[in-house]
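# here is a sequence together with a model predicted from it:
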Amino acid sequence: MVNLDIDKNAIYILAGNTGADAMALSHMLLEQEAKFVMCFVNYHIGPIWEETEQTLRDYCASKGIDYEVCDADKADQTGRDKDFEKWARKIRYDFFAEVYKKYDASALFLAHTEDDVIEGYLLSKQTGVRSSKFGLNTVATTRGMMVRRPLVPYSDEDLKQYCDTNNIPYNKDFGNYAHDPSMSVLRFEVVDKLNEAERDQYITEIKKANAESISFSANIKQSVDKVDTLNIREIIALSEGEFAETIIRFVKAKAKIRVKITPQILAEFRAMCLNPQPNMCMRIGNNTFLVKEYDEISIDNDGLDLPYHYTLKEPCKFSCEAFDLDFTQGAEDRNIHIDDYPLTIRSVLPQDVFSFNGYTVNAKQMLIAAGISERLLHIWPVFLNKEGRIVYIPRYKKGFSEYHKSSMIVHVTEEEK
């Protein structure tokens, strides 16, 4: 039994057929109390497809599973005769995306196995097309859907044994029909005939070809489990699937509530990572945020004291969670002049330096020496002029009395006053 990490409040969709792989995955979903919709595409290529549609209909009725069918004959036939496999894939994923949206699904489960990985590897050798990484990601995104392939580490034979052991009905011959043009000759003539030693040899070749990528990805995954932050440069270097898998694991490990990570969240988060703005955050759940500070990513679980980055085009009044200010009458008494605008206000960064009493000092170290609390250090404002030079950092001192004519109030607790 593969742990599918099911959210019992979510709905999933499963690309179904009567093969051992899909039926085994269906059984695992049922055993782990997942709510899911069985999706089947009927290509009407011989009697096996009509039998499969009815068999799945009966199976779903007996198990209380919602069932959706796509009649490929009623779909757009453009390209079917020219490239059946490409046409069939488009029909499939158009259908999956439609059902995904209809049920507001959390993920599409596909029953790809190790055999599919070997077939893809052999096809790349046959065509001479070298991939940056061989294989199928267990987590990926496509067409606005989160895609999960939990059976990739297992062979077709493994899944047949699983079905036999658990008395799960399946069609031993499903897919083994050469008249189906969507099926690869490699699968029938090579992969299905490999013995255990030959399979191991190909898997070893694949792992060797992927060694650099696998090693890099493994180091990232280790950091997810052991530290509270991710390095932006490292996660951006990952493939799309590895990036998605890493962020999902990170959020699961660090968030205090269960958060549904969607392809849209992943796309927006990736854009945030690439944004040159140093301090940013994005909400991913109730009071749960992905936080970017310089080149590190962390999780904030209460929505308080988040890093920030604001731009003032001219002297004005401005308020946010961290502070209030009124510079409408000017702020020259804080070394902020009209020529400094547009003015950037952000939370302090580790690399910030500031000229103080004729010395260049690290801003954070200066604030720590003044006795600032950890909470305030996280949100203390820094003012930069239009050239990106720090022109002002509010002074911190317990019992401090304001003397400026302009107004600047940082929100502190009673203990921090």
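Now that the structure is in, tell me what you want to look at.
# going along the chain, name the helices of the chain.
20-31, 47-63, 84-102, 114-127, 156-165, 185-189, 196-209, 211-226, 232-236, 240-254, 263-274, 363-369, 374-379 (DSSP state H).
# could you dump these to TSV with mean pLDDT, distance to I345 and mean neighbour count?
Heads up, the C-betas are built off the backbone N, CA and C, glycines and all. TSV is the format used below for the helices of the chain (pLDDT from 0 to 100; distance: least, CB to CB, whole Å; neighbours: other CB atoms under 10 Å):
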stretch	mean pLDDT	distance to I345	mean neighbour count
helix 20-31	95	50	22
helix 47-63	92	57	15
helix 84-102	92	41	17
helix 114-127	75	51	18
helix 156-165	92	57	17
helix 185-189	62	60	13
helix 196-209	74	49	14
helix 211-226	58	31	14
helix 232-236	85	22	15
helix 240-254	86	28	20
helix 263-274	92	19	16
helix 363-369	89	14	17
helix 374-379	84	11	16
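# tell me which of these sits nearest to F327.
helix 374-379 (19.2 Å; CB to CB).
# next one: that closest one to chain centre, how far?
29 Å (CA atoms, centre = their mean, to the nearest Å).
# that older thread, in TSV: the helices of the chain, plus distance to L343.
Formatted as TSV, the helices of the chain follow (distance: least, CB to CB, whole Å):
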stretch	distance to L343
helix 20-31	55
helix 47-63	62
helix 84-102	44
helix 114-127	54
helix 156-165	62
helix 185-189	63
helix 196-209	52
helix 211-226	36
helix 232-236	26
helix 240-254	33
helix 263-274	23
helix 363-369	17
helix 374-379	18
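# do you know how far S373 is from K313?
Remark: distance between S373 and K313 (CB to CB, to the nearest Å) = 32 Å.
# which one of those two has more residues nearby?
S373 (16 against 8; other CB atoms under 10 Å).
# just give the nearest non-adjacent residue to that one, would you?
Nearest residue to S373, sequence neighbours excluded (CB to CB, 6 or more residues apart in numbering): E416, at 5.2 Å.
# ditto for D300
Computed as CB to CB, 6+ apart, the closest residue to D300 that is not its neighbour in sequence is F289, at 4.4 Å.
# could you chop this structure up by domain?
Domains of the chain are assigned by automatic domain parsing as 11-209, 213-300, 310-410.
# can you list those in JSON lines and add distance to N3?
Shown next, in JSON lines, are the domains of the chain (distance: least, CB to CB, whole Å):
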{"stretch": "domain 11-209", "distance to N3": "8"}
{"stretch": "domain 213-300", "distance to N3": "12"}
{"stretch": "domain 310-410", "distance to N3": "36"}
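# closest one to D5 among the ones you listed?
Minimum separation from D5 across these (CB to CB) falls at domain 213-300, 7.6 Å.
# count of neighbours near N9?
The local packing of N9 (other CB under 10 Å) involves 9 other residues.
# next up, the contacts around it.
Counting by CB atoms under 8 Å, 6 or more residues apart in numbering, N9 touches R258.
# what about it, distance to K82?
N9 is 44 Å from K82, where distance means CB to CB.
# before we move on, back to that, pairing partners for the residue nearest to D300 in the sheet, please.
In this entry, F289 is beta-bridged to R283, D300, by DSSP bridges.
# ok, it - how many residues close by?
Neighbour count of F289, defined by other CB under 10 Å: 21.
# pretty sure it contacts M272?
No: taking contacts as CB atoms under 8 Å, F289 lies outside contact range of M272: 10.9 Å.
# between those two, what contacts are shared?
By CB under 8 Å, 6+ apart, F289 and M272 have these common neighbours: M282.
# skipping its backbone neighbours, what lies nearest Y93 in space?
Closest residue to Y93 in three dimensions, ignoring its sequence neighbours and counting by CB to CB, 6+ apart: R143, at 5.6 Å.
# of all the helices of the chain, which one comes closest to T328?
Nearest of the helices of the chain to T328, taken as CB to CB: helix 374-379 at 23.5 Å.
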